[in-house]
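# no sequence for this one, just the structure:
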């Protein structure tokens, strides 16, 4: 059984026990999906039109092709635009942690909103990382001797 599915079932069982004891009311429950993907945040992709997305992809492809054709000299202005590699999931989680530590001492509603957004992002990134994991066995880490 998938570890994520198993963990979700364990959480469901624990919540049912809390409902049975009266510590939790069924109307106050929230499933994991709505906790990790709040309704207001799930419409982000709807804000961009299909035409805008299409144009962004076409522009990126054209820039990449020009980069290859011109040997990397395709730039506007006085200095070339340096394309940095995209940060890894680990880099983003680390940056998020640093920002959260910093704003935790700020008494401002905007800081609380940023904390909530970063928490949601962390949850999504960790869930994505968990879903990309694969099962391994001890023998995966040893190579057989070749005689």
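Now that the structure is in, tell me what you want to look at. Everything quoted here is computed from the prediction, not taken from an experiment. Numbering: from 1, shown residues only.

# top helix in the protein by residue count?
helix 109-131 (DSSP state H).

# in that one, what's buried?
111, 114, 115, 118, 122 (16 or more other CB atoms under 10 Å). Every C-beta, even on glycine, is put in place using the N, C-alpha and C of the backbone.

# mind listing the helices for the protein?
3-21, 32-36, 44-47, 50-69, 89-103, 109-131.

# of the ones you listed, which is nearest residue 144?
Of all these, it is helix 3-21 that lies closest to residue 144, at 28.5 Å by CB to CB.

# residue 26: neighbour count?
9 (other CB atoms under 10 Å).

# I meant to write residue 55 there.
Neighbours around residue 55, by other CB under 10 Å: 11.

# for residue 19, same thing?
Residue 19 has 14 nearby residues by other CB under 10 Å.

# what's the closest non-adjacent residue to it?
residue 26 (5.5 Å; CB to CB, 6 or more residues apart in numbering).

# so that neighbour is in contact with residue 16, correct?
No - the criterion here is CB atoms under 8 Å, and residue 26 misses it with residue 16 at 9.4 Å.

# what distance do you get for residue 107 to residue 51?
43 Å (CB to CB, to the nearest Å).

# what does residue 117 give?
Applying CB to CB to residue 117 and residue 51 gives a distance of 27 Å.

# could you do residue 138 as well?
For residue 138, the distance to residue 51 - CB to CB - is 52 Å.

# for the chain, where's the lowest mean pLDDT among helices and strands?
helix 44-47 (a mean of 54; mean pLDDT, DSSP states H and E).

# one step back: so what pLDDT did the residue nearest to residue 19 get?
On pLDDT, residue 26 comes in at 72.

# just give me the neighbour total for residue 102.
By other CB under 10 Å, 11 other residues sit near residue 102.

# err, residue 5, not the other one
Neighbour tally, residue 5, other CB under 10 Å: 9.

# dump the residue contacts of residue 92.
By CB atoms under 8 Å, 6 or more residues apart in numbering, the contact set of residue 92 is 121, 125.

# now the residue nearest the centre of the chain: closest residue in space, sequence neighbours ignored.
Nearest to the mean C-alpha position of the chain, by CA atoms, centre = their mean, lies residue 125 at 2.9 Å. Once flanking residues are discounted, residue 125 sits nearest to residue 89: 5.3 Å by CB to CB, 6+ apart.
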